[in-house]
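Asks: Compute the structure for the input listed below.
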Amino acid sequence: MEKMLDGKVAIITGSGRGIGKAAAMLFAAEGAKVVVSDIDPAPAEETVAEIKAAGGEAIAYAGDATADDFAEGIVKAAVDAWGGLHIIVNNAGYTWDGVVHKMTDKQWDAMMAIHLRTPFRLIRAAAPYFKDAAKKEMAEGGPVARKIINISSVSGTRGNAGQINYSSAKSGLLGMTKTMAQEWGRYNVQSNAVAYGWVETRLTAAKEDAGAVDRDGEKVALGIPDAQRQMMKMVIPMGRGGTPEEAAGVILFLASPLSNYVSGQCIEMTGGM
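Replies: Numbers count the residues shown, from 1 in each chain. Down below sits the predicted model:
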């Protein structure tokens with residue numbers, strides 16, 4: 001039986017863990033060839049090993065997604081491995097919170113780099129394999145549907161106290177999503193976003209369990225206070241956070257032929273909040 005993503009090549013940034021990993025596993029199960037990317041080599045390689053053990057195809061590309069050469073490098077890896085590119089999922093990211101009067105320029109710039117500049121660079125690097133490939137396909141009878149899926153947040157659609165940097169970047173990502181729908185729609189590229197509420201990942205784990213990431217020699221703590229986690233359960237109608245697998249299902253919909261006339265949209269996944 002044909003699978004939804006048979007013959008498709010996908011790049012998913014930040015796919016060694018969490019939502020990105022769940023999406024990589026689901027994409028591979030649906031027939032996609034996946035470039036798994038993470039800042040740390042070990043999680044990326046582990047995800048690739050799991051995909052291959054389940055009969056899928058994947059390669060790992062480790063590195064800092066904000067690096068100047070990252071976008072061109074990961075696109076080249078996909079094309080060298082499988083000859084083309086059809087799906088980009090801009091998922092890599094983290095939070096570095098603070099109230100506005102205490103937030104540093106370094107915190108602000110870090111969120112703009114990972115949540116805005118990195119997706120922009122990856123989309124730009126993919127142009128020859130999205131826009132230019134479509135021109136050739138149109139001359140031969142019709143372009144193949146390609147997908148840009150940007151991972152945003154309800155912090156970007158609604159704002160969130162203590163996250164002016166993150167919410168501003170995630171809101172800007174929605175503008176990028178809508179602009180790409182307009183610029184590349186003629187090439188049969190659908191550009192959409194997902195704005196997640198509470199999904200159980202490192203970013204929403206209890207502070208004592210979440211760990212930290214190292215940015216330029218500075219430890220950035222992840223997670224949220226347990227009191228806030230308990231409060232969130234009270235305001236979410238479904239009474240819980242979503243799972244990474246549930247979150248990946250929305251991404252699969254936007255990557256699949258089921259969404260071939262859906263573009264420029266943002267789907268909120270919030271458990272009804």
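
Asks: Do I have it right that Y94 meets V220?
Replies: Yes - counting by Cβ atoms under 8 Å, V220 is a contact partner of Y94 at 6.7 Å. From N, CA and C alone the C-beta is placed, and that goes for glycine too.

Asks: Am I right that K147 is in a helix?
Replies: No - under DSSP: H, G, I helix; E, B strand; the rest coil, K147 sits outside any helix and is assigned strand.

Asks: Specify the beta-bridge partners of it.
Replies: For K147, the beta-bridge partners are I87, Q190 (DSSP bridges).

Asks: State the distance from it to I251.
Replies: To I251, K147 is 9 Å away according to Cβ to Cβ, to the nearest Å.

Asks: Kindly report the same for G31.
Replies: Distance from G31 to I251, by Cβ to Cβ: 15 Å.

Asks: For the two, work out which one has more neighbours and name it.
Replies: I251 (28 against 15; other Cβ atoms under 10 Å).

Asks: Now that one: which helix or strand?
Replies: helix 244-255 (DSSP states H and E).

Asks: which strands and helices sit next to the very next helix or strand once past that helix?
Replies: As assigned by DSSP H and E, the chain's next helix or strand after helix 244-255 is strand 266-269. If contacts are counted by 3 or more Cβ pairs under 8 Å, 6 or more residues apart in numbering; DSSP states H and E, strand 266-269 sits against helix 154-158, strand 189-196, helix 244-255.

Asks: right, and these - which one's nearest A77?
Replies: For A77, the closest of the helices and strands packed on strand 266-269 is helix 244-255, at 19.0 Å, according to Cβ to Cβ.

Asks: The closest one: which residues count as buried?
Replies: Across helix 244-255, burial judged by 16 or more other Cβ atoms under 10 Å covers 244, 246-248, 250-255.

Asks: how close does the most centrally placed residue in the chain get to A10?
Replies: Compute the mean C-alpha point of the chain, and by Cα atoms, centre = their mean the closest residue is N91, 1.8 Å away. In this view, N91 and A10 are 11 Å apart by Cβ to Cβ.

Asks: What of R117?
Replies: Taking Cβ to Cβ, one finds R117 at 21 Å from A10.

Asks: Repeat that for G83.
Replies: From G83 to A10 the distance is 14 Å (Cβ to Cβ).

Asks: Would you mind telling me which of those two has the busier surroundings?
Replies: A count of neighbours by other Cβ under 10 Å puts A10 above the other of G83 and A10, at 28 against 10.
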